[in-house]
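Engineer: For reference, the sequence and a predicted model appear below.
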Amino acid sequence: MFLSSNLTSKITMPKIYTQFTSANNFHSSRLKGKVALITASTEGIGYAIAKRLGDEGASVVISSRKEDNVKQATDSLRKDGINAEGLVCHVGDAEHRQKLFDFAKKKYGGIDILVSNAAVNPAVSPILETDEKVWDKIFEVNVKCSWLLAKEVYPELIKRGGGSIVFISSIAGYQPMEPLGPYSVSKTTLLGLTKAIASEVVNDNIRVNCVAPGIVATKFASAITSSEAGKEKSLSIVPMNRFGKPSEIASAVAFLVSDDASYMTGETLVVAGGTYAHL
């Protein structure tokens, strides 16, 4: 049964739908009153997450290793009307992490949301030809620091009566990428870390989930997206035949930390253009 043109012309689109006109221009109050801390968030996926959470009403604390980047990103978020603060933080430095948590508490009174986005991939090599120091560096930052951030934010979430943790994994965690062997394994590990922590804190009203982005056109992924050969090979496993946008990953994170995902914990959302994802 179809509506006549006269009837449809009189229908006013509900306000909720007008908010979804663009993933880059989204405003709502879904996260109003929440404080979100996002690591590695001055560019790329991390910055897009901070912007999206801020656009939805959260106060955001961003961080990265370079002071200039922190300042520029903070200023940019504020120009968009977002309540944002920033601090230099190397997640591998325990003192830096503590200062970041203390900074968030001082500025906003507490923390409700942690998004662990920091990751490294210092070398490209087959997994069995990877130098041990490179392997250790990847797992130190990508896995151990994600665990430490969750461990250290846990008491703060308890004080708030609950909260949400999101780890940023990768499609490489499901489909290891040939030149990114150790990185891929570290991202697989985050899938297990998500489930393990989620089951332990479920009775504390804390939800722990994960997002596995596909190949997103950022500086971090330039090693596999900058050349035509790399682009062709990368897109050969993506049914949608394009790279993802940082804002599309941010949308998934915003959903997971909101009450719309209140019945989800221990899960990983794959946002990868249809790329096969199964362990």
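Structural biologist: Structure's in. What do you need?
Engineer: and the longest strand for the chain?
Structural biologist: Ranked by number of residues, the top strand in the chain under DSSP state E is strand 206-213.
Engineer: I'd like the average pLDDT over it.
Structural biologist: Across strand 206-213, the average pLDDT comes to 98.
Engineer: Low-confidence regions, the stretch 151-279 of the chain specifically.
Structural biologist: Applying pLDDT under 70 to the stretch 151-279 of the chain flags residues 221-226.
Engineer: The stretch 101-250 of the chain: helices as residue ranges?
Structural biologist: With helices called from DSSP state H, counting those that start in this stretch, the stretch 101-250 of the chain shows them at 132-139, 145-159, 181-201, 222-225, 228-235, 246-257.
Engineer: List the buried residues of the second one.
Structural biologist: Meaning helix 145-159. Neighbour counts over helix 145-159 (16 or more other Cβ atoms under 10 Å) mark C145, S146, W147, L148, L149, A150, V153, Y154, E156, L157 as buried. All C-beta atoms are positioned from the backbone trio N, CA, C, and that covers glycine.
Engineer: Please identify the most buried of the helices of the stretch 101-250 of the chain.
Structural biologist: Most buried of the helices of the stretch 101-250 of the chain by mean neighbour count (mean count of other Cβ atoms under 10 Å) is helix 246-257; its value is a mean of 24.
Engineer: what's the next secondary structure element after that helix?
Structural biologist: Using DSSP states H and E, the helix or strand that follows helix 246-257 in sequence is strand 268-271.
Engineer: For that next one, list the C-alpha coordinates in CSV.
Structural biologist: Written as CSV, here are the backbone C-alpha positions of strand 268-271 (Å, rounded to 0.1, in the frame of the first residue of the first chain):
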residue,chain,number,x,y,z
THR,A,268,33.0,-6.5,18.8
LEU,A,269,31.3,-4.5,16.1
VAL,A,270,33.0,-4.9,12.7
VAL,A,271,32.8,-1.8,10.6
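Engineer: which strands and helices sit next to that strand?
Structural biologist: Applying 3 or more Cβ pairs under 8 Å, 6 or more residues apart in numbering; DSSP states H and E, we find strand 268-271 packed against strand 206-213, helix 246-257.
Engineer: Within its sheet, name the partner strands of that strand and how each one runs.
Structural biologist: strand 206-213 (parallel) (DSSP bridges).
Engineer: what's the span of stretch 31-44, first residue to last?
Structural biologist: 22 Å (Cα to Cα, to the nearest Å).
Engineer: What residues of that stretch count as buried?
Structural biologist: Quick answer for stretch 31-44 (16+ other Cβ under 10 Å): L31, K34, V35, A36, L37, I38, T39, A40, S41, T42, E43, G44.
Engineer: Output these in a markdown table, with pLDDT appended to each entry.
Structural biologist: Formatted as a markdown table, these follow (pLDDT from 0 to 100):
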| residue | pLDDT |
| --- | --- |
| L31 | 98 |
| K34 | 98 |
| V35 | 98 |
| A36 | 98 |
| L37 | 98 |
| I38 | 98 |
| T39 | 98 |
| A40 | 97 |
| S41 | 98 |
| T42 | 97 |
| E43 | 96 |
| G44 | 95 |
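Engineer: which one of the residues you listed is nearest V211?
Structural biologist: I38 (12.3 Å; Cβ to Cβ).
Engineer: hang on, that closest one packs against V115?
Structural biologist: Yes: under the criterion of Cβ atoms under 8 Å, I38 makes contact with V115 at 4.3 Å.
Engineer: Mind checking which of the buried residues of stretch 31-44 land in helices?
Structural biologist: G44 (DSSP state H).
Engineer: So which of the buried residues of stretch 31-44 sit within strands?
Structural biologist: Short answer: the buried residues of stretch 31-44 in strands (DSSP E) are V35, A36, L37, I38.
Engineer: Of all pairs in those, which one spans the longest distance?
Structural biologist: Pairwise distances across those (Cβ to Cβ) peak at 10.9 Å, for the pair V35 and I38.
Engineer: hey, what's in contact with both of those two?
Structural biologist: V60, V61 (Cβ atoms under 8 Å, 6 or more residues apart in numbering).
Engineer: Cool, thanks, talk later.
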